[in-house]
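Novice: mind looking at a prediction? Sequence and model below.
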Number of protein chains: 2
Amino acid sequence: MEPTTITAAAEFIRNGELTPSELLEQCLARIDRYEDRVKAWVYIDRDGAREQASRLTAELKTGQNRGPLHGIPVGIKDIIDVFDMPTACGSKRWANSYARRDATCVARLRQAGAVIMGKTVTTAYASFDPPPTRNPWNLDRTPGGSSSGSAAAVACGMCLGALATQTGGSITRPASYCGVYSLKPTHGRVSVDGVLPLAPSLDHVGIMANSVRDLALLLQPLTGYDDESAPRPYLYRSEVEQQQQAWRRTLSALPDFPATAGPEMRAAFDAFRDKTRAAKWAWNELPLPPSFADAPNFQYTVMAVEAAAYHGARMARHPDDYPPKVRSLIEHGNATSAPHFVNVMNHYKTMRDEIERAFVDGWRTLITPATTGPAPTAETTGDPAFNAPWSYTGLPTVSLPFAWGADGMPLAVQLTGDRYFEDELFALADALEADIAFERRALPL
Amino acid sequence: MEPTTITAAAEFIRNGELTPSELLEQCLARIDRYEDRVKAWVYIDRDGAREQASRLTAELKTGQNRGPLHGIPVGIKDIIDVFDMPTACGSKRWANSYARRDATCVARLRQAGAVIMGKTVTTAYASFDPPPTRNPWNLDRTPGGSSSGSAAAVACGMCLGALATQTGGSITRPASYCGVYSLKPTHGRVSVDGVLPLAPSLDHVGIMANSVRDLALLLQPLTGYDDESAPRPYLYRSEVEQQQQAWRRTLSALPDFPATAGPEMRAAFDAFRDKTRAAKWAWNELPLPPSFADAPNFQYTVMAVEAAAYHGARMARHPDDYPPKVRSLIEHGNATSAPHFVNVMNHYKTMRDEIERAFVDGWRTLITPATTGPAPTAETTGDPAFNAPWSYTGLPTVSLPFAWGADGMPLAVQLTGDRYFEDELFALADALEADIAFERRALPL
């Protein structure tokens, strides 16, 4: 019993074929095997995790099962507070800053039975400076950022799920580069309480795992379902079945969004379209709302300005705690004029209206590449061009790997839905995952 | 029958002692008498006003009375749209820009039976450049700004009430300099639909008239009461009586707010305190929340930034349509960095929380001078130091004249209440007005 998905592990645990303690030891063994090369973790709490797992194992013996996350080992991105662990945020000065309580999202996972293993590497302040972490599919490549450690750890099976955050492309991009599945929920759907801000108007807490269904399992407690109440049975399956019937397997493509995909991704995405068409998926091509043209540029402005509002004074006091890329982001924010920012925020309202109308007029589930291509070398964290617009719009996105590139690196697509329609996204992504039958490979480590 | 208040005029009209047409002719006669020297109006629609008044006179003959505003002549500040009149906003390029519909506030007054006489002078774009209007108590003095014409027209009895707007101190200041009564309602309470923005986070539509009770009469339709429904009988009196009993005539003074009152206002305000104490009013002195210290400065930042967001591109195209003070406001906005603006907006939230707590902890009705002193000469529009903080906080204020200065100019106090507590403010201001028995004088024109 060495499950790599939460769905499979939960089944084994429910049937008594695997205990939380045994599952945790499998994860710790993978950390022992890969961590010195991959560097996914800032902080691993082996003793604490073993204690949690043994308590959850004992609970099962008394007949108490908290639900599908009972005993599932997870990693937490290191800008999110976990009680009694440091939240370093990629900063030197904060390397030993211990959190006095769990972030809301962590408290909810814990309550649902997850085993909190430790903190995964983030780029400095969740920005663009390359992290120490390496891509487990090729140690010369970046895992992407800023949720670098979460993506690499899940890809290695060091944990079965992880919390991540996105302001530009920090969930979807690393998940895609590392060949794992991700959800960036609707903006505001998961609480950012206890999470370092980068730009509050754009900051999202999301998740990574090894299947679409795992994402749904992780989202359930995070959105507050079952927060105060006793665990409920897992209802996802039947909902999915209902929705699939109503849904007619339709994908909406956006012409030339954005125009920057590389040749390898373009070819793979074309092949993906042919394959899904052969499996009876319909494809529409739908125009973008006019206001969308400014989204990438304006996303950067909002991120820079709000990052500067938070970090500006601290960077002035401690310049050597700010590596070059986050520094240049903050400097860009400082150089932005306030009236321009006000007009950007006004544009945001216009665009949001246009997008609402686009969904009414026929947008349903949008499909696009998740990245411009496979993970580049480790000097950068890659290009967020396909992700930043969805951070800006706040629309939920699910990404899933669909092919291997010529260089042995995974490629992913990204589904985008209407605000708060994560359920529909999961239903469609789950059906797509089954039809494309992405070939799982063993790590080359 | 030459009433100068709406309250008195409504009584005469209800009793059949005066018709709307007769009342309008009294107002037009005062325009004939004073307007060439006072210059309160941009646009007077004599024919249209006579037509409205005669229609309302005819309605009364059939037994239909729309309520206390039936047949009351009013002036509308010239940044507010009135159907088929120009909305010049103090701009040369817009001098002949006719509105295609009434602003919501105008439509509501019209529906309540008011006679819309025309448009009153505003400073350019409701900012600080001196207007042509003169103070009717002394033609060398400013009427204040930016609602200059509304204040002067009401002071002359050219109309019995007027719409005005405030972003810094543009309602309270001119009303006080001209010896009339004013309300700046809670931010957002009266719709700004159809009103030129200066800074949306701070823009308020409010009113001027010749008594506290008149302000209450004017506010009623503006806030949307009776908007879709038939007019209701006027309920203000009994409500006031109820509230007065519960209220115990207490005023909260703010130590040294702001520290800039001139010697004449300080002396008059001290005498006012003694007089009200003798009339059994209790005075508290209550501290300011710490965040309040930044309010004047930050109010200016928000005003400048949002004004620049709206006007910046237009000013670049048409520089000669922007006189020096509004130009320098917009330039200040353009020079403000966006992260600073974000932090100001964060401060606003903190301050709002602190103020809410202050009201819970014992603030009730705050009393302060309404201006730093009497109206200065016409080269400026005066100092908004006592008003801008209340524009920033969005709290409702009522101002009323209480004394004459040595130079024959009126002085006013200002009451400030909790958000949406205009009713309480009116009740207290009404009782205060009765007790201080402000001496009405004839215009020296």
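Specialist: Alright, I've got the coordinates. Residues are numbered from 1 along each chain as shown, chains lettered A, B, ... in the order given.

Novice: lowest-scoring secondary structure element of chain A by mean pLDDT?
Specialist: The helix or strand of chain A with the lowest confidence, counting by mean pLDDT, DSSP states H and E, is helix A:236-247 at a mean of 52.

Novice: mind giving me the packing neighbours of the following helix or strand past it?
Specialist: Once the chain leaves helix A:236-247, the next helix or strand it forms, by DSSP states H and E, is strand A:250-253. If contacts are counted by 3 or more C-beta pairs under 8 Å, 6 or more residues apart in numbering or on different chains; DSSP states H and E, strand A:250-253 sits against strand A:282-285, strand A:366-369. Yep, even glycine has a C-beta here, placed from its N, CA and C like the rest.

Novice: most tightly packed of these?
Specialist: strand A:366-369 (a mean of 24; mean count of other C-beta atoms under 10 Å in any protein chain shown).

Novice: which residues does stretch A:430-445 contact?
Specialist: Outside of stretch A:430-445, the residues within contact range by C-beta atoms under 8 Å, 6 or more residues apart in numbering or on different chains are A:33-34, A:37-38, A:136-139, A:155-156, A:211-213, A:216, A:240, A:244, A:249, A:272, A:275-276, A:279, A:281, A:400-404, A:408, A:415.

Novice: buried only: go through these for me.
Specialist: Buried residues within these, defined by neighbour count using 16 or more other C-beta atoms under 10 Å in any protein chain shown: A:34, A:38, A:136-138, A:155-156, A:211-213, A:216, A:240, A:272, A:276, A:281, A:400-404, A:415.

Novice: from these, which land in strands?
Specialist: A:L400, A:P401, A:F402, A:A403, A:W404, A:L415 (DSSP state E).

Novice: filter the contacts of stretch A:430-445 by proximity to chain B?
Specialist: Counting by C-beta under 8 Å from any C-beta of the partner chain, nothing from the contacts of stretch A:430-445 sits close to chain B.

Novice: and A:E433, that's in a strand?
Specialist: No. Assigned with DSSP: H, G, I helix; E, B strand; the rest coil, A:E433 falls outside any strand and is helix.

Novice: how many other residues sit next to it?
Specialist: 18 (other C-beta atoms under 10 Å in any protein chain shown).

Novice: for A:D140, same thing?
Specialist: Neighbours around A:D140, by other C-beta under 10 Å: 11.

Novice: wait, what's in contact with the closest residue to it other than its chain neighbours?
Specialist: Leaving aside its sequence neighbours, A:D140 sits nearest to A:T377 (C-beta to C-beta, 6 or more residues apart in numbering or on different chains; 5.8 Å). Listed by C-beta under 8 Å, 6+ apart, the contact partners of A:T377 are A:D140, A:R141, A:T142.

Novice: these two touch, right, the first one and A:A375?
Specialist: Right, the one you point to is A:D140. No. Using C-beta atoms under 8 Å, A:D140 is not in contact with A:A375; the gap is 9.5 Å.

Novice: hang on, the earlier thing: any idea what the residue nearest to A:D140 is bridged to?
Specialist: A:R141 (DSSP bridges).

Novice: A:G333 against A:Y310, yeah?
Specialist: No. Using C-beta under 8 Å, A:G333 makes no contact with A:Y310, being 9.4 Å away.

Novice: A:R108: what secondary structure?
Specialist: helix.

Novice: let me know whether it touches A:L219 as I believe.
Specialist: No. Contact criterion C-beta under 8 Å: A:R108 and A:L219 do not qualify, at 10.5 Å.

Novice: identify the residue spatially nearest to A:G179, adjacent ones excluded.
Specialist: Here the residue nearest A:G179, using C-beta to C-beta, 6+ apart, is A:P410, at 3.3 Å.

Novice: so who does that neighbour touch?
Specialist: Going by C-beta under 8 Å, 6+ apart, the list of residues near A:P410 reads A:W137, A:S176, A:Y177, A:C178, A:G179, A:P374, A:P401, A:A403, A:W404.

Novice: quick one: contacts for the fourth one?
Specialist: Contacts here follow C-beta under 8 Å, 6+ apart; on that basis A:C178 touches A:N135, A:P136, A:W137, A:P143, A:G144, A:A151, A:A152, A:V154, A:A155, A:A375, A:P410.

Novice: would JSON lines of the residues you listed with pLDDT be doable?
Specialist: Below are those laid out as JSON lines (pLDDT from 0 to 100):
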{"residue": "A:N135", "pLDDT": "98"}
{"residue": "A:P136", "pLDDT": "98"}
{"residue": "A:W137", "pLDDT": "98"}
{"residue": "A:P143", "pLDDT": "98"}
{"residue": "A:G144", "pLDDT": "98"}
{"residue": "A:A151", "pLDDT": "98"}
{"residue": "A:A152", "pLDDT": "98"}
{"residue": "A:V154", "pLDDT": "98"}
{"residue": "A:A155", "pLDDT": "98"}
{"residue": "A:A375", "pLDDT": "98"}
{"residue": "A:P410", "pLDDT": "98"}
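
Novice: now, the most widely separated pair of these?
Specialist: A:V154 and A:A375 (14.9 Å; C-beta to C-beta).

Novice: out of these two, which sits in the busier spot?
Specialist: Neighbour comparison, A:V154 and A:A375: the larger count goes to A:V154, with 33 against 29 (by other C-beta under 10 Å).

Novice: now do that one against chain B, distance only.
Specialist: Distance of A:V154 to chain B, computed by C-beta to the nearest C-beta, to the nearest Å: 34 Å.

Novice: could you do A:S170 as well?
Specialist: 21 Å.

Novice: with adjacent residues omitted, what lies nearest to that residue?
Specialist: Nearest non-adjacent residue to A:S170, counting by C-beta to C-beta, 6+ apart: A:S146, 4.1 Å away.

Novice: quick one: residues contacting the one you found.
Specialist: Per C-beta under 8 Å, 6+ apart, neighbours of A:S146: A:T122, A:T123, A:A126, A:S127, A:F128, A:P131, A:T165, A:T167, A:S170, A:P174, A:T381.

Novice: of those, which belong to strands?
Specialist: Filtering those for strands - DSSP E - leaves A:T165.

Novice: and the contacts of A:S146, which two are furthest apart?
Specialist: The widest separation within the contacts of A:S146 (C-beta to C-beta) is 15.6 Å, between A:P131 and A:T167.

Novice: enumerate the residues of the stretch 51-200 of chain A near chain B.
Specialist: Close to chain B, as judged by C-beta under 8 Å from any C-beta, the stretch 51-200 of chain A has no residues.

Novice: now the helices: where do they sit in the stretch 51-200 of chain A?
Specialist: Assigned helices in the stretch 51-200 of chain A, in chain order: A:104-111, A:148-155, A:172-177 (criterion: DSSP state H, counting those that start in this stretch).

Novice: quick check: closest non-adjacent residue to A:F426.
Specialist: A:A216 is the one closest to A:F426 (C-beta to C-beta, 6+ apart), at 4.7 Å.

Novice: typed the wrong thing, it's A:P319
Specialist: A:R327 (7.8 Å).

Novice: and stretch A:333-350, average pLDDT?
Specialist: Across stretch A:333-350, the average pLDDT comes to 94.

Novice: same deal with stretch A:391-398?
Specialist: For stretch A:391-398, the per-residue pLDDT values average out at 96.

Novice: please apply the same query to stretch A:358-368.
Specialist: The average of the pLDDT scores along stretch A:358-368 is 86.

Novice: end to end, how far does it reach?
Specialist: Start and end residues of stretch A:358-368 are separated by 16 Å (C-alpha to C-alpha, to the nearest Å).
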